[in-house]
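# can't give you the sequence, but here's the structure:
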């Protein structure tokens, strides 16, 4: 079996989606005959350079979408990428003897991929849908200016309509989603029997139980600075904890995705004079991020929208007790390790978080449940289930 993988995003872009694309492609290439990933790249526009992946049998088909500089992963580059697929997918399929075409990320690709014609040629089509926009698409937030918030609300209505249309434009043999929540939302636009829930991998790291630590409790939150991650709530929570005599240090880490929101978050911290207890970092090396996970006592995720949530998976993998919101695959993960789910609309959320911080030593993940978790959320198991859908 030969597979052609498509994705609007790829390295060097950082994020959970790119992690899914890279790890799925690499793992898949070790399990079936030939795997090709058509990746946007810097190079001659509309031309492919074939390149071997550095650590696997995966073959990268690097398509030039920008002549010089660094990729922006913007509409112009995406248009070049999608136009090439529309015009050349049948030639690619013939040249590489493709049996399966799988969109790892890209609703724009799904809109232009002629699945009916591909099916007539005996090629199976798979579409991974990580979430359904306008989920995770907000540019504004409650607390922003009223005008900007209302304009963004209207924009998201249009985004939602356009992406629902994209999903329904072409029928795929199978739709892959990362969580029960996304599956439930997708059933309005695709046949329920065609939707398969396959969680992500990444829990393969196994760490020893952390020894008891003295001093302030170490809190950690990781994720790009965007409105749906709700990092601005950290200022309110931290202020409440300080006023109630809690000794803590809170590390907040992530790339800056929305500059206005990031500035709003920093202003919220400065207004409450939290610089001594909240440390904000972005663009830190992977080894430094691992150190933060290893030194933390408790992980908090305050998102209002997620498709999966890789950072919660990472936190559990590092044996951290987790307090999080019931979005994406977080409920499934928390159910497996007895994690704590909180409702952001609950007026007592700060009190609840304070309570769990006081008993954090009682929240440690059970060894049997931890082992079940890290053996469930692996890329190998995810890809094994994926291959089943390739065969039909």
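Cool, the structure landed. Predicted, not measured: the structure shown is a model, and the values here were computed from it.
# mind listing the strands in this protein by residue range?
When secondary structure is read from DSSP state E, the chain shows strands at 2-7, 34-42, 48-52, 59-66, 100-105, 124-128, 174-177, 195-197, 217-222, 248-253, 278-281, 298-301, 322-324, 340-341.
# got those as CSV, with distance to residue 208 and mean neighbour count columns?
Using the backbone N, CA and C atoms, a C-beta is placed for each residue, glycine as well. Written out in CSV, the entries for the strands of the chain read as follows (distance: least, Cβ to Cβ, whole Å; neighbours: other Cβ atoms under 10 Å):
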stretch, distance to residue 208, mean neighbour count
strand 2-7, 36, 23
strand 34-42, 35, 21
strand 48-52, 36, 13
strand 59-66, 36, 20
strand 100-105, 34, 25
strand 124-128, 34, 23
strand 174-177, 34, 25
strand 195-197, 31, 17
strand 217-222, 17, 23
strand 248-253, 21, 20
strand 278-281, 25, 17
strand 298-301, 17, 24
strand 322-324, 18, 25
strand 340-341, 23, 15
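# out of the ones you listed, which comes closest to residue 367?
Comparing those by their distance to residue 367 (Cβ to Cβ), the top pick is strand 322-324, with 16.4 Å.
# Now do the closest one: which elements does it pack against?
Judged by 3 or more Cβ pairs under 8 Å, 6 or more residues apart in numbering; DSSP states H and E, the packing partners of strand 322-324 are strand 298-301, helix 310-317, helix 330-337, strand 340-341.
# Save the strands of the chain as JSON lines, and put in mean pLDDT and distance to residue 156 too.
As requested, those are exported to JSON lines (pLDDT from 0 to 100; distance: least, Cβ to Cβ, whole Å):
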{"stretch": "strand 2-7", "mean pLDDT": "98", "distance to residue 156": "24"}
{"stretch": "strand 34-42", "mean pLDDT": "97", "distance to residue 156": "26"}
{"stretch": "strand 48-52", "mean pLDDT": "97", "distance to residue 156": "35"}
{"stretch": "strand 59-66", "mean pLDDT": "98", "distance to residue 156": "27"}
{"stretch": "strand 100-105", "mean pLDDT": "98", "distance to residue 156": "20"}
{"stretch": "strand 124-128", "mean pLDDT": "98", "distance to residue 156": "22"}
{"stretch": "strand 174-177", "mean pLDDT": "98", "distance to residue 156": "20"}
{"stretch": "strand 195-197", "mean pLDDT": "98", "distance to residue 156": "24"}
{"stretch": "strand 217-222", "mean pLDDT": "98", "distance to residue 156": "24"}
{"stretch": "strand 248-253", "mean pLDDT": "98", "distance to residue 156": "26"}
{"stretch": "strand 278-281", "mean pLDDT": "98", "distance to residue 156": "27"}
{"stretch": "strand 298-301", "mean pLDDT": "98", "distance to residue 156": "22"}
{"stretch": "strand 322-324", "mean pLDDT": "98", "distance to residue 156": "24"}
{"stretch": "strand 340-341", "mean pLDDT": "97", "distance to residue 156": "25"}
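# Of all the helices and strands packed on strand 322-324, which one is nearest residue 128?
The minimum distance between residue 128 and the helices and strands packed on strand 322-324 falls on helix 310-317, with 14.4 Å, by Cβ to Cβ.
# same question for the closest one, mean pLDDT?
Rounded to a whole number, the mean pLDDT of helix 310-317 is 97.
# Also stretch 198-207?
Predicted confidence along stretch 198-207 averages 90 (mean pLDDT).
# quick one, helices of the stretch 101-250 of the chain?
Taking DSSP state H, counting those that start in this stretch, the helices of the stretch 101-250 of the chain run over residues 107-112, 115-120, 146-169, 180-186, 233-243.
# how near is residue 85 to residue 110?
Distance of residue 85 to residue 110, given as Cβ to Cβ, to the nearest Å: 10 Å.
# How about residue 155?
Following Cβ to Cβ, the distance that separates residue 155 from residue 110 is 21 Å.
# the more surrounded of these two?
Taking other Cβ atoms under 10 Å, residue 155 and residue 110 do not tie; residue 110 has more neighbours (23 against 15).
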